[in-house]
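Q: sharing a model prediction with you, sequence too.
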Amino acid sequence: MSNEAITSLLKETRRFDPPAEFAARARITSREAYDALYRESLDDPDTFWRREAKDLVFRTPWTQTVEWNLPHAKWFQGATLNVSESCLDRHMSTPTRNKAAIIWEGEYGETRTLTYAQLYRETVLFADALAKLGVEKGDRVAIYMGMVPEVAVAMLACARLGAVHTVIFGGFAADAIRDRVHDCQAKVVITQDGGYRRGHVLELKSTVDKALAQPQSASVQKTVVLRHLGAEKCPVTMVEGRDVWWHDIVDPNGHARREATIVDAEHPLFILYTSGSTGKPKGVLHTTAGYLVGTHVTTKYVFDLRDDDVYWCTADVGWVTGHSYIVYGPLSNGATCLLYEGAPNFPDWGRFWRLIERHGVTILYTAPTAIRAFMRQGDDWPKKSDLSSLRLLGSVGEPINPEAWIWYHKNIGGERCPIVDTWWQTETGSILMTTLPGAAAAKPGSTGLPMFGVVPDVVTKEGTSVGANAGGMLVLKRPWPSMLRTVWGDDERFRKQYFSDIEGCYFTGDGARRDEDGYYWVVGRIDDVLNVAGHRIGTAEIESTLVSHPAVAEAAAVGRPDDLKGQALVVFVSLRPGFSANPELATKLANHVGQEIGKFARPDQIRFADALPKTRSGKIMRRLLKDVASGRETTGDTSTLEDLSVLAKLRSNEE
Ligand code: WTA
């Protein structure tokens with residue numbers, strides 16, 4: 001692991017105090033109030049969490065707040081519950097019952113609204129249907145769908161049965177589905193005929209067919225198919241005995257009577273696959289009570305949620321942001337959520353802003369890569385819509401460049417909305433650091449202060465805390481309720497990946513600095529994980545995919561700074577004998593990655609090399625390749641490089 005990536009060059013001095021009007025009615029109104037709550041969460045976690053979780057439904061209360069046997073934490077033991085009761089049932093006896101839970105807009109502009117009562121009913125009916133298909137407590141169910149209300153129904157229905165869902169982002173290709181289904185031995189796959197993306201039909205069911213045709217997917221007994229586009233736009237082939245239509249197993253006039261399966265606090269809730277620095281994707285496991293409490297509390301405080309908010313998180317439900325901040329966090333708070341099916345620029349770059357005006361969105365939570373893309377289109381698009389309903393903006397996924405922050409603040413937030421820059425990971429389950437609105441000033445580019453119960457630190461490789469404003473590795477020193485519990489089926493990997501780099505701490509893989517006010521500034525990953533347009537991409541996965549192509553002998557994937565995507569993906573490839581480097585082959589190889597993993601992982605550039613620079617022990621020296629890819633002089637140490645001429649050759653190959 002190299003330390004070079006963690007020097008923080010950004011010295012941003014602008015400060016934005018919470019707007020007075022916002023602060024006056026915020027849930028947390030001052031830094032002192034935040035400090036007091038934060039202290040309590042560390043000194044007296046039991047009192048703190050019991051009070052903050054009081055709105056959630058526990059059939060039996062917990063007896064032990066946390067048990068910490070590094071690296072294993074157990075939270076809220078003794079509690080029994082079902083997450084779906086906190087998200088749905090509890091609202092049935094309050095006026096929230098008739099409030100919109102999900103306002104959906106399709107890419108072509110049609111809309112549908114589900115109240116909490118309707119969402120409850122759909123979920124209970126679907127859970128009953130799944131149970132009749134044979135889904136039982138503990139079974140794994142894969143969900144491969146687009147952004148339609150039924151994706152939330154499917155997740156909640158699994159939770160209601162105590163089944164473990166694994167949502168696979170709809171942009172993934174068949175082989176990625178196969179690998180995930182195989183890894184968790186999914187019994188059922190829930191999908192839909194197809195969805196829209198930028199005016200094109202995304203064929204989801206036929207991709208599932210390709211995945212399930214492979215022997216590795218033998219665990220799957222049934223697939224449930226939602227009809228969304230219809231037979232004319234997206235015909236599908238139903239496999240006899242395996243595939244059933246959603247509308248055939250759910251009777252809209254049926255009796256919604258399925259009781260929730262009550263589970264223990266640590267019962268698995270879902271697995272979400274994410275990229276690591278080595279090998280195949282990791283199945284990050286989240287469990288029931290801690291995850292629910294973590295997402296519930298952060299949604300309420302970070303977004304300063306009010307009963308009359310219309311909240312819009314633009315993430316896809318296939319990523320963790322969609323799990324925590326479209327489904328579990330907002331619904332457990334009784335929020336009204338906007339769900340949008342399509343692309344931000346369909347049919348033009350004004351779409352997001354029209355959505356905000358049309359639905360009166362008050363809270364917008366999106367990613368820096370989207371903000372940069374909008375920024376590039378100029379200031380006129382947002383001006384065409386009335387954005388005055390907005391009162392809070394959020395950012396997640398990667399560090400936000402101060403210039404993008406300022407643009408967002410001015411052009412979208414009308415200089416009146418606080419911006420919450422939220423740092424967290426698939427593994428952390430919920431937001432762990434943020435510029436809390438109302439409580440403290442925001443500094444563009446900084447992710448602010450730790451959330452309750454979270455103890456971050458910036459340390460050297462040896463684990464010593466560095467002083468204010470020095471760069472180092474970002475670690476977490478205490479367990480938090482929504483932390484991952486393990487890597488599915490591979491506890492050793494869990495230990496190694498997160499708890500072996502720095503003694504006694506969870507290592508995030510990020511580099512950071514903490515300033516004199518205690519604000520954190522994340523500078524990016526320091527392991528071999530790339531962050532391309534907010535998607536975490538493991539270099540190893542890209543490389544293995546390329547090496548699976550007959551022309552490729554060896555491959556090394558690295559990131560190069562990119563204005564729009566944060567990082568662009570550059571892959572160095574050496575060819576097998578008999579193949580020659582040419583632009584057609586480069587396109588073919590890039591397409592190959594697009595097909596195998598998904599379009600979002602398609603390399604931006606393929607560069608051919610006779611050989612890749614390696615250490616004497618045979619490890620590819622990515623840090624040198626990174627310099628080459630970004631056109632930088634190599635400043636780092638090359639003493640371990642096996643053959644210096646390799647580097648010279650790579651440079652002379654530059655286009
Ligand atoms: C990065 C997404 C800076 C970081 C929720 C982290 C951020 C990785 C921020 C996790 C932020 C996320 N500022 N960097 N506000 N939010 N990151 O698992 O490198 O897809 O480790 O979770 O994204 O990505 P993941």
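A: Perfect, thanks for sending it.
Q: how near is Ser554 to Leu575?
A: Let me fix one detail, which is that residue 554 is Glu and not Ser. 9 Å (Cβ to Cβ, to the nearest Å). All C-beta spots, glycine's among them, are computed from the backbone N, C-alpha and C.
Q: wait, a helix at Trp480?
A: No. Checked against DSSP: H, G, I helix; E, B strand; the rest coil, Trp480 lies outside a helix; its state is coil.
Q: show me what from the stretch 251-400 of the chain comes close to the ligand.
A: 274, 319-321, 396-399 (Cβ under 6 Å from any ligand atom).
Q: and those, which of them are in strands?
A: Among those, DSSP state E puts 274, 396 in strands.
Q: put the buried members of the residues of the stretch 251-400 of the chain next to the ligand into a PyMOL selection.
A: Remark: buried members of these, expressed as a PyMOL selection using 16 or more other Cβ atoms under 10 Å:
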select buried, resi 274+319+320+321+396+397+398+399
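Q: ok, the residues of the stretch 251-400 of the chain next to the ligand vs the ligand, which is closest?
A: Pro399 (3.9 Å; Cβ to the nearest ligand atom).
Q: residue farthest from the centroid of this protein?
A: Gly578 (41.5 Å; Cα atoms, centre = their mean).
Q: quick one: secondary structure of that residue?
A: coil.
Q: what about it, distance to the ligand?
A: Counting by Cβ to the nearest ligand atom, to the nearest Å, the separation of Gly578 from the ligand is 39 Å.
Q: what's the spacing between that residue and Ala551?
A: 9 Å.
Q: make TSV out of the residues of the stretch 251-400 of the chain next to the ligand and add pLDDT and distance to Glu107.
A: TSV is the format used below for these (pLDDT from 0 to 100; distance: Cβ to Cβ, whole Å):
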residue	pLDDT	distance to Glu107
Thr274	90	27
Trp319	94	19
Val320	96	24
Thr321	97	20
Val396	95	23
Gly397	91	22
Glu398	87	25
Pro399	85	30
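Q: show me where pLDDT drops low in this structure?
A: By pLDDT under 70, the weakly predicted segments of the chain are 1-11, 276-279, 615-619, 633-644, 653-655.
Q: same thing but 80
A: 1-12, 275-280, 524-529, 536, 538, 540-541, 614-623, 631-655 (pLDDT under 80).
Q: state which helix of it is the longest.
A: When the chain is parsed with DSSP state H, its longest helix is helix 116-133.
Q: and the contacts of that one?
A: Helix 116-133 is contacted by residues 84, 88-89, 91-92, 96-99, 101-102, 114, 141, 149-150, 152-154, 156-158, 160-161, 163, 188, 222, 224, 244, 246, 249-252, 254, 256-258, 331, 334 when judged by Cβ atoms under 8 Å, 6 or more residues apart in numbering.
Q: contacting residues for the nearest residue to Ala73 once chain neighbours are set aside?
A: Spatially, and ignoring its direct neighbours in sequence, Ala73 is nearest to Pro479 (3.7 Å; Cβ to Cβ, 6 or more residues apart in numbering). Listed by Cβ under 8 Å, 6+ apart, the contact set of Pro479 reads 66, 68, 73, 75, 506.
Q: which of those count as buried?
A: Buried, going by 16+ other Cβ under 10 Å: 66, 73, 75, 506, out of the contacts of Pro479.
Q: spit out the contact partners of the residue of the stretch 551-655 of the chain found nearest the ligand.
A: For the stretch 551-655 of the chain and the ligand, the shortest gap (Cβ to the nearest ligand atom) falls at Gly566, measuring 9.3 Å. Counting by Cβ under 8 Å, 6+ apart, Gly566 touches 368-369, 398, 531-534.
Q: what sits closest to it if chain neighbours are left out?
A: Gly566's closest residue in space is Glu398 (Cβ to Cβ, 6+ apart), at 5.0 Å.
Q: for the one you found, grab phi and psi.
A: phi -170, psi 170 (degrees, to the nearest 10).
Q: equivalent analysis for Asn253, please.
A: Torsion angles, degrees, to the nearest 10, at Asn253: phi -100, psi 10.
Q: just to revisit the earlier point, pull out the buried members of the contacts of helix 116-133.
A: So, by 16+ other Cβ under 10 Å, the buried ones in these are 84, 88-89, 91, 96-97, 99, 101-102, 114, 141, 149-150, 152-154, 156-158, 160-161, 163, 188, 222, 224, 244, 246, 249-250, 258, 331, 334.
Q: which of these fall in strands?
A: Counting by DSSP E, those contribute 101-102, 114, 141, 188, 222, 224, 244 to strands.
Q: from these, pick the one nearest Gly429.
A: Val141 (19.4 Å; Cβ to Cβ).
Q: can I assume the closest one is in contact with Cys184?
A: No. Counting by Cβ atoms under 8 Å, Val141 stays clear of Cys184, with 9.3 Å between them.
Q: burial count for the nearest residue to Gln192 once chain neighbours are set aside?
A: Residue nearest to Gln192 in three dimensions, not counting chain neighbours: Leu226, with 3.9 Å by Cβ to Cβ, 6+ apart. In terms of burial, Leu226 registers 24 neighbours under the definition other Cβ atoms under 10 Å.
Q: contacts only, for Leu226.
A: Applying Cβ under 8 Å, 6+ apart to Leu226 gives the contacts 145, 148, 150, 190-193, 245-247.
Q: may I see those residues organised as TSV, with distance to the ligand added?
A: Output for the contacts of Leu226, formatted as TSV (distance: Cβ to the nearest ligand atom, whole Å):
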residue	distance to the ligand
Met145	19
Val148	22
Glu150	24
Ile190	22
Thr191	23
Gln192	24
Asp193	28
Trp245	33
Trp246	29
His247	34
